[in-house]
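> Any chance you can model this:
(chains A and B)
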Amino acid sequence: MTPRAVPVLAWVPAFVLAAALPCAAGEPDAARQQQLLRMVRQDCGSCHGMRLTGGLGPALTPGALADRPVEAIAATIYHGRPGTPMPPWRTMLDEADTQWIAAQLQAGLPDLRGAAR
Amino acid sequence: MIDARRRTLLAAGALGSLAGTALLGGCVAAPPLRGTGDLGVVVERANGTLAIVDTTRRVLLAEVGGLGDLSHASVVFSRDGRFAYVFGRDGGLTKVDLLTQRIAARVMQAGNSIGGAISADGTLVAAQNYTPGGVKVFDAATLALVADLPAETTPGGPPSRVVGLVDLPGRRFAWSLFDANALCIADLSDAARPRITRLDGIGRQPYDALVTPDGRHYIAGLFGEDGLALVDLWQPQPVARRILDGYGRGEQPLPVFKMPHLRGWAVAGRRAYLPAIGRHEVLVVDTDTWQEVGRIPVAGQPVFVMARPDGRQVWVNFAVPDYDRVQVIDTVSQRIVTTLTPGKAVLHLEFTPRGEAVWISTRDDDRVSVVDTASFATLATLRVASPSGIFFTARAARLGL
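Okay, here's the model as predicted:
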């Protein structure tokens, strides 16, 4: 297996896992959304870049995620990707959080409201 | 407020450089002569700015902007301690003059970069890149490209992401290939004809590496397995061997929410202190035998494990969600002697050259704290926007930093 093939194959379990994710129980509230946006930029940014253009982890720009179902992205965030450095974030995020983040990533992350950083 | 201060400083800088020209000499007071041994920089990761600091007076001297995406930016220094080379995430390589407080040179050298190194003789600056994978080497004076060294996963195969780039004695560099389970040693004594030695099969997914302060041992941390790869560079035919094999075997690894960094690594006496992967522990290794001699439970996934320059203490920070803490290990008793909470999202620490103080960046509090390493009292705090890496010019004189 070439290393390049790993990310592609790793999406397969993500689809399967998506089925195991219960339906999101509503969106996170506004304050939580700001928290999540900051977390994505800053903490996910450690590997994916603050501008989400990629690093040790792949790019998470709308272009890069165009073909990925939101549920699959959410499942990857929630469960992680075994065999890669992507950890499961379920100790810090619930399903509603991951669904919301996945949708934001695919649509293009809004800038942090009112924060000049 | 920061803007006002920056304008003032820029104006002062402009006056200073004008004063340097012979024509205007006498009209404006020249800036006082000073050395750079107590200067340093703090990366303001979110706004593409480098803060220049004075570690004696514990103040911010100036901010230099326009450096691009500085998430995960790292810095090396010219031998004279005057210039900082800043490696940006977006592939920008910027040479900043700490004295005139201006950008001296800048190139966009890759699509996605992660760090770099400077040769022992100070003439070559090398950048390690994720996109496209590989290493580029530049003239340290002009930033002109000197060598472009691809990092293939297999002969003719796709490029690998490059990690763990360090300088070695004798105009050499070493790096590891995350996607190829390999490491490379490059000899650029003739920069037009780089000679590269590649060692394959060193272990799965090397994620970062370090070189010991004597330049003898190169150690790559492995993400894909429990263990590290060690190369004795003093051997005529270097080979990689495994150390700390199976340090977590049989146990469920904990999630790693941020990859540890090995570069600011901790050697204290004959022991090395290394971050475990997926375990909330610092591993203690004997540097003669490379056997594990202990492990110290800590507050989270360690990210930086750094020795005070005298080796008496080792300071540790952590990945999210435990990144509001810093723990201090006493290397005599091998115990944690204190846990500090300097602020939210501790990203980096840097010791002053002799270690009487440590500077700690807390990203979410927009603050850098200066802490006395004997009393643990906070000596000063500086307002810095989203600070991440802190780098002092004393690194210029040290191999591997």
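> Show me what from the stretch 301-401 of chain B comes close to chain A.
B:V320, B:P321, B:A345, B:R363, B:D364, B:A385, B:S386 (Cβ under 8 Å from any Cβ of the partner chain). Just so you know, the C-beta spots here come from the backbone N, C-alpha and C atoms, and that holds for glycine as well.
> quick one: contacts for the single nearest residue of the stretch 51-200 of chain B relative to chain A?
Nearest residue of the stretch 51-200 of chain B to chain A, counting by Cβ to the nearest Cβ: B:S71, 3.4 Å away. Going by Cβ atoms under 8 Å, 6 or more residues apart in numbering or on different chains, B:S71 touches A:G45, A:S46, A:G49, A:M50, A:R51, B:R45, B:A46, B:R89, B:S388.
> now B:P238
B:I185, B:T197, B:L199, B:V231, B:D232 are the contacts of B:P238 under Cβ under 8 Å, 6+ apart.
> 7 Å instead, please
By Cβ atoms under 7 Å, 6 or more residues apart in numbering or on different chains, the residues touching B:P238 are B:I185, B:L199, B:V231, B:D232.
> do the same with B:H280
With Cβ under 7 Å, 6+ apart, B:H280 has these contacts: B:L254, B:P297, B:V298, B:G300, B:Q301.
> how close does it sit to A:M39?
With distances taken as Cβ to Cβ, to the nearest Å, B:H280 is found 21 Å from A:M39.
> got it, and B:P309?
According to Cβ to Cβ, B:P309 and A:M39 sit 35 Å apart.
> Ok, B:A396 next?
Per Cβ to Cβ, B:A396 is found 36 Å from A:M39.
> Which one's more surrounded, those two?
Each of B:A396 and A:M39 has its neighbours counted (other Cβ atoms under 10 Å in any protein chain shown); B:A396 has more, 21 against 18.
> Just put the contacts of B:S71 in TSV and tack on pLDDT, secondary structure and distance to B:G227.
Below are the contacts of B:S71 laid out as TSV (pLDDT from 0 to 100; DSSP: H, G, I helix; E, B strand; the rest coil; distance: Cβ to Cβ, whole Å):
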residue	pLDDT	secondary structure	distance to B:G227
A:G45	87	helix	29
A:S46	84	helix	23
A:G49	84	coil	28
A:M50	82	coil	31
A:R51	85	coil	34
B:R45	88	coil	31
B:A46	85	coil	36
B:R89	87	coil	29
B:S388	94	strand	29
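> Cross-check the contact I'm expecting between B:D322 and B:P302.
No: counting by Cβ atoms under 7 Å, B:D322 stays clear of B:P302, with 9.6 Å between them.
> what about these two, which has more around it?
B:P302 (27 against 18).
> so what pLDDT did the nearest residue to that one once chain neighbours are set aside get?
Of all residues not flanking B:P302 in the chain, B:P275 sits nearest, at 3.6 Å (Cβ to Cβ, 6 or more residues apart in numbering or on different chains). What the model reports as pLDDT for B:P275 is 90.
> what's the spacing between B:P275 and chain A?
For B:P275, the distance to chain A equals 14 Å [Cβ to the nearest Cβ, to the nearest Å].
> quick one, what contacts that residue?
Shown in contact with B:P275 (Cβ under 7 Å, 6+ apart): B:P260, B:V282, B:P302, B:V303, B:V305.
> Among the residues you listed, which pair sits farthest apart?
Of all pairs drawn from the contacts of B:P275, the greatest distance, 11.2 Å, lies between B:V282 and B:V303 (Cβ to Cβ).
> How far does stretch B:150-159 sit from its chain's centre?
The chain centre lies 26 Å from the centre of stretch B:150-159; the measure is Cα atoms, centre = their mean, to the nearest Å.
> Who are the contact partners of B:M306?
By Cβ under 7 Å, 6+ apart, the neighbours of B:M306 are B:G264, B:A266, B:V314, B:W315, B:L349.
> quick one: secondary structure of it?
Here B:M306 is recorded as strand under DSSP: H, G, I helix; E, B strand; the rest coil.
> repeat for A:R32
Classified using three-state DSSP, A:R32 is helix.
> so what's the closest residue in space to B:R295 that isn't next to it in sequence scoring on pLDDT?
In this structure, B:R295 finds its nearest non-sequential neighbour in B:E281, 4.6 Å apart by Cβ to Cβ, 6+ apart. As predicted, B:E281 sits at a pLDDT of 94.
> go on, B:L15?
At B:L15, the model reports a pLDDT of 45.
> how near is B:L233 to chain A?
Note on B:L233: its distance to chain A, by Cβ to the nearest Cβ, is 25 Å.
> That residue contacts B:D214, doesn't it?
No: here B:L233 lies out of contact with B:D214, judged by Cβ under 7 Å, at a distance of 9.7 Å.
> any idea how far the strand or helix carrying B:T94 is from the chain center?
Assigned by DSSP states H and E, B:T94 belongs to strand B:92-97. On the basis of Cα atoms, centre = their mean, strand B:92-97 is displaced by 15 Å from the centre of the chain it belongs to.
> picking that back up, from the contacts of B:S71, pick the one nearest A:A74.
A:G45 (18.7 Å).
> what pLDDT does the residue nearest to that closest one when sequence neighbours are not counted get?
Once flanking residues are discounted, A:G45 sits nearest to B:S71: 5.2 Å by Cβ to Cβ, 6+ apart. As predicted, B:S71 sits at a pLDDT of 83.
> go on, B:D322?
The model's pLDDT for B:D322 equals 95.
> Quick check: which element contains it?
Under the criterion DSSP H and E, no helix or strand holds B:D322.
> Roughly how far does it sit from chain A?
Distance of B:D322 to chain A, given as Cβ to the nearest Cβ: 11 Å.
> Give me the neighbour count for the nearest residue to that residue once chain neighbours are set aside.
Residue nearest to B:D322 in three dimensions, not counting chain neighbours: B:G300, with 2.8 Å by Cβ to Cβ, 6+ apart. Using other Cβ under 10 Å, the number of residues around B:G300 comes to 20.
> Could you pull up the contacting residues of B:G300?
Taking Cβ under 7 Å, 6+ apart as the criterion, B:G300 is in contact with B:H280, B:F318, B:A319, B:D322.
> What are the phi and psi values at it?
phi -180, psi -170 (degrees, to the nearest 10).
> Then A:M39?
The phi and psi torsions at A:M39 (degrees, to the nearest 10) take the values phi -60, psi -40.
> can you pull the pLDDT of it?
So, for A:M39, pLDDT stands at 90.
> quick one on the thing from earlier: switch the contacts of B:S71 over to TSV; also include distance to A:E95 and neighbour count.
Listed next are the contacts of B:S71 as TSV, based on distance: Cβ to Cβ, whole Å; neighbours: other Cβ atoms under 10 Å in any protein chain shown:
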residue	distance to A:E95	neighbour count
A:G45	22	24
A:S46	23	21
A:G49	26	26
A:M50	26	23
A:R51	27	17
B:R45	30	26
B:A46	29	23
B:R89	30	25
B:S388	31	23
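> Next, give me the two most distant ones among those.
Farthest pair in the contacts of B:S71 (Cβ to Cβ) is A:R51 and B:S388. Separation: 14.5 Å.
> what's the following helix or strand after the helix or strand that B:E350 is a member of?
B:E350 is part of strand B:346-351, with elements assigned from DSSP H and E. Sequence-wise, the next helix or strand beyond strand B:346-351 is strand B:357-362, with elements assigned using DSSP H and E.
> Can you work out which other helices and strands pack against that next one?
Identification of packing neighbours for strand B:357-362 by 3 or more Cβ pairs under 7 Å, 6 or more residues apart in numbering or on different chains; DSSP states H and E yields strand B:346-351, strand B:367-372, strand B:387-392.
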